[in-house]
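Trainee: Need the 3D shape of this:
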Amino acid sequence: MKYLSALFIYLFIIFCASAQEDLLEGFDQEEDKTVIATWKSLKVVNFETTKLVAPKEFQMVISHRFGSVENGIDDLFGMDNAVTRFQFVYGLTEWMHIEASRTGFNKTYQLATKFKLKQQVREGFPFSIALFTALDTNTELDRVIYPKLEFVDRLGYTAQFIIARKVSKRFSAQLSPTLFHQNFVPFDPQDNTQFAMGLGARYKLTNRWSINADYGAHLNRANESPFVNPLSVGVDLETGGHVFQMHFTNAQPMLTNGFLSQAAGDWTKGRFYFGFNLVRVF
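Mentor: Coordinates of the predicted model:
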């Protein structure tokens, strides 16, 4: 089972690569009807969007999730307990970009790809579809605590379809069916292979401001798990060469299999986290 999700992901990669020639054949004819700007950033809040980095474009994303605000001024509303992620994204083609990142949560490194499978067209195909795949390495696991630990136990895999629609000039929405696999799970009764459905939406307030929200429904969470479904709300500010995202979420992890499997906050008890994503385009 440790390699099941890896096989799943790479089969999809092969499918995407073989399908691109057919998809791009009609691109020039549909260009004037192609629906653009469904999303302004690579993320709704936590979930990936259908947006890709343009060919030969480089983006650097700096993300912070502070600690829970519940302790108030004692830890400056969580700012004493920040988790940071540095992410680097490069566009290879019109239909593919690659990513590398490192986050302080579990000291995790990630390599990822995103593929454009289909574009929404006015009076034509009604959705934009993308595929996101990722390989994570948890370097925080300690051999002293887990003496039988092997390198493969540190790995996690993600495969996520993103199906989005720009409903109007102001409103966009998406579904994100997700499969992810963790070779090491923090809660023993939890299955290593897990499934979730993500929901995301964006409403444009002005030319520069929008309000965004996303939610992840974990579909096979173990009974009595201490973790919950992630719910996040925030705003995007577009300022020239970058997008600044500010939000509140009940999930401190930022990688997909992290916030889906280890969200620990509780909105009703004031246990949620302030965070931001700062995107710079080069």
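Trainee: Any regions of the stretch 151-282 of the chain where pLDDT drops low?
Mentor: In the predicted model of the stretch 151-282 of the chain, residues 241 satisfy pLDDT under 70.
Trainee: Do a quick rundown of the helices in it.
Mentor: Assigned by DSSP state H, counting those that start in this stretch, the helices in the stretch 151-282 of the chain fall at 256-261.
Trainee: nearest residue to Phe86 other than its sequence neighbours?
Mentor: Among residues not flanking Phe86 along the chain, Arg102 sits closest, at 5.6 Å (C-beta to C-beta, 6 or more residues apart in numbering). Yep, even glycine has a C-beta here, placed from its N, CA and C like the rest.
Trainee: I should have written Gly198 there, sorry.
Mentor: That would be Ser176: by C-beta to C-beta, 6+ apart, it lies 3.3 Å from Gly198.
Trainee: contacting residues around the one you found?
Mentor: Ser176 sits next to 47-48, 160-163, 197-200, 216 when contact means C-beta atoms under 8 Å, 6 or more residues apart in numbering.
Trainee: From Ala159, how far out is it?
Mentor: The gap separating Ser176 from Ala159 is 11 Å, by C-beta to C-beta, to the nearest Å.
Trainee: Gln252 and Ala82, how far apart?
Mentor: Distance from Gln252 to Ala82, by C-beta to C-beta: 9 Å.
Trainee: Who has more neighbours out of these two?
Mentor: Gln252 (25 against 15; other C-beta atoms under 10 Å).
Trainee: Settle this for me: the more buried one is touching Arg271, isn't it.
Mentor: No: using C-beta atoms under 8 Å as the test, Gln252 is too far from Arg271 to be in contact (10.2 Å).
Trainee: which neighbours do the two share?
Mentor: 264-265.
Trainee: contacting residues around Ala112?
Mentor: Going by C-beta under 8 Å, 6+ apart, Ala112 touches 98-101, 132-135, 158.
Trainee: Looking at those residues, which are in strands?
Mentor: By the criterion of DSSP state E, membership of the contacts of Ala112 in strands covers 98-101, 132-135, 158.
Trainee: which among those residues end up buried?
Mentor: 99, 101, 132-135, 158 (16 or more other C-beta atoms under 10 Å).
Trainee: So the residue lying closest to Glu224 once chain neighbours are set aside versus Asn220, what's the distance?
Mentor: Nearest residue to Glu224, sequence neighbours excluded (C-beta to C-beta, 6+ apart): Pro189, at 7.3 Å. Noted for Pro189: a distance of 11 Å to Asn220, by C-beta to C-beta.
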